[in-house]
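Turn this into a structure:
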Amino acid sequence: MTTLKKTIQRDVLFSEQMRLADLIDLNYHLLPILSRLGVSVSLSDHTVADACAKSDVDVATLLLVCNVYTFDDYVPSGAALSEGNPTDIIKYLHNSHSYYLEDAVIAMQEDICKLLEPCGEKQQAVIWKFFNDYKAELDNHFGYEEKVVFPYVASLLRGEDRKGFSIAQFEDNHSNISEALNDLKNIIMKYLPAECSDALRNRLLIAIYRLDIDLVKHTRIEDNILVPIVTRIEENGRQ
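Numbering: from 1, shown residues only. All right, here's what the predicted structure looks like:
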């Protein structure tokens, strides 16, 4: 296994014939990714292909998502993209949105509430403003994708003509949602009084770092998988 872990730094090794357990062992950060795609870790002794078949998930799509999520320099080939299932990609992105808003952000909110107990009203107000502004930014960002982009992709897959919008518009206006989170992280790290619990502060900072990394990967999946696949569907529809 040590050799395998060294090799993954050089080559994309995720394949449909490997065991799901080996895929997880190579990058355990893929555990929530599998969950968002609907693949249970209880199938870890099966091959990736078999686990996907049992979960009704397209295996080529799972491999695309895992590779883009794992390797910063991985850009899918045209052949790999042609095998991807846009319906499963949308499902993954939708479930990711639900996780961010209903789990990650709520857990951060609860920790902030406890962390700020020793702080004065003005300090608390500053932190809550940054947090609420960021939450509103996430709501708007994901709301646009849920209400505009995802229904547009679904209509394309049904063969419907949706004039007035294209995936290029989404790509051109795809905003960075990490900057405000970075501001919140810096305030919590640098400006809270020493009376605040170090254990709580560390837990919150770790959660923020993890969310930031996850969101960067999420954006990469949209840019490197969703956009080129939908662009190809649009082009085929115009031919």
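
Tell me how far the residue of the chain most remote from its centre lies from residue 203.
Most distant from the centre of the chain: residue 120, at 35.2 Å, with distances by CA atoms, centre = their mean. According to CB to CB, to the nearest Å, residue 120 stands 22 Å off from residue 203. C-beta: built from backbone N, CA, C; applies to glycine.

Next secondary structure after the helix or strand hosting residue 180?
Applying DSSP states H and E as the criterion places residue 180 in helix 179-190. Once helix 179-190 ends, the next helix or strand along the chain (criterion: DSSP H and E) is helix 198-221.

Could you list the low-pLDDT ranges of this protein?
Residues of the chain that meet the criterion pLDDT under 70 lie in 1-13, 162, 238-239.

right, and residue 40 touches residue 56 too?
No. Contact criterion CB atoms under 8 Å: residue 40 and residue 56 do not qualify, at 11.6 Å.

where exactly do the strands run in the protein?
Assigned by DSSP state E, the chain shows no strands.

centroid residue for it?
The centre of the chain sits closest to residue 218, judged by CA atoms, centre = their mean, with a distance of 3.1 Å.

For the nearest residue to residue 211 once chain neighbours are set aside, grab the count of nearby residues.
Of all residues not flanking residue 211 in the chain, residue 104 sits nearest, at 5.2 Å (CB to CB, 6 or more residues apart in numbering). For residue 104, the count of nearby residues is 19 (other CB atoms under 10 Å).

Am I right that residue 104 is in contact with residue 212?
No. With contacts counted by CB under 8 Å, residue 104 stays clear of residue 212, the gap being 10.6 Å.

circling back to that earlier point, more neighbours, residue 40 and residue 56?
residue 40 (12 against 9).

Skipping its backbone neighbours, what lies nearest the more buried one in space?
Nearest residue to residue 40, sequence neighbours excluded (CB to CB, 6+ apart): residue 55, at 6.7 Å.

Please identify every residue contacting each of residue 40 and residue 56.
In terms of CB atoms under 8 Å, 6 or more residues apart in numbering, residue 40 and residue 56 are not both contacted by any residue.

Check the gap between the residue nearest to the centre of the chain and residue 141 for me.
Distance, residue 218 to residue 141, using CB to CB: 10 Å.

what does stretch 121-141 contact?
Contacts for stretch 121-141 (CB under 8 Å, 6+ apart): 100-101, 105, 108-109, 112, 116, 119, 175, 177, 180-181, 183-184, 187-188, 191-193.

How far off centre is that stretch?
Distance of stretch 121-141 from its chain centroid, counting by CA atoms, centre = their mean, to the nearest Å, is 21 Å.

repeat for stretch 198-216
Per CA atoms, centre = their mean, the displacement of stretch 198-216 from the mean C-alpha position of its chain is 15 Å.
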